[in-house]
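Participant: Generate a structure from the sequence data that follows.
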Amino acid sequence: MLFISLAFGLGVLTLFFDSVLSDRDNPNRNPVSQTGSDGSVSVELQRNPQGHYLVSGHINGAPANFLLDTGATDVVMSEQLARAAMLERGYPTRAMTANGEVVVYSALVDALEIGAIVLREVRASINPVMQGNTVLLGMSALQHIEFTQRGDSLTLRYIP
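Facilitator: Numbering: from 1, shown residues only. Presented below is the predicted three-dimensional model:
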């Protein structure tokens, strides 16, 4: 009975600390949106301990974690996420990444959502080398959004 209690306690603690660490890595799991009188939509993000802005959202309804990357030309995602978002591979091109040159495939995202911000027909790249559901939110999306950084927060503002 003691062994079962210890195993159960360790399991609960593991789940608890896993959740705490996940929230710490992505403090923007449930982004809150505000609508302005001009019809604009704003989402305020908090920086994670590594200094990055990571926010949960959706690509064509598929859950994704967006890492804001002003150095990326396009929105870049894994092939696994592209399949979940029902994106088709387009033409192949070569891209330079931190890990060297890779072949990526063009795609067009119908709907990219961060809170109540919805961007339509966003140019993207599918990188077969990437894994998971983290997406580089590059300039093909960010060019449509104003962003202002103050301290540890970044406000995204979209005016439709």
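Participant: Helices along the chain, start to end?
Facilitator: 2-25, 79-84, 139-142 (DSSP state H).
Participant: pLDDT below threshold where in the chain?
Facilitator: 1-24 (pLDDT under 70).
Participant: Can you list the buried residues in the longest strand seen in the chain?
Facilitator: Scanning the chain for the strand with the most residues, using DSSP state E, yields strand 100-114. Neighbour counts using 16 or more other CB atoms under 10 Å place 102, 104-107, 109, 112-114 of strand 100-114 among the buried residues. Every residue, glycine included, has its C-beta placed from N, CA and C.
Participant: what's the most distant pair in the residues you listed?
Facilitator: Using CB to CB, the pair of the buried residues of strand 100-114 lying farthest apart is 102 and 113, separated by 26.7 Å.
Participant: List the residues that contact the residue nearest the centre of the chain.
Facilitator: In the chain, the centroid-proximal residue (CA atoms, centre = their mean) is residue 66; its distance is 1.2 Å. Shown in contact with residue 66 (CB atoms under 8 Å, 6 or more residues apart in numbering): 54-57, 114, 134-137.
Participant: Recalculate using a threshold of 10 Å.
Facilitator: Listed by CB atoms under 10 Å, 6 or more residues apart in numbering, the contact set of residue 66 reads 26, 28, 31, 45, 53-59, 75, 77, 112-114, 133-138, 141.
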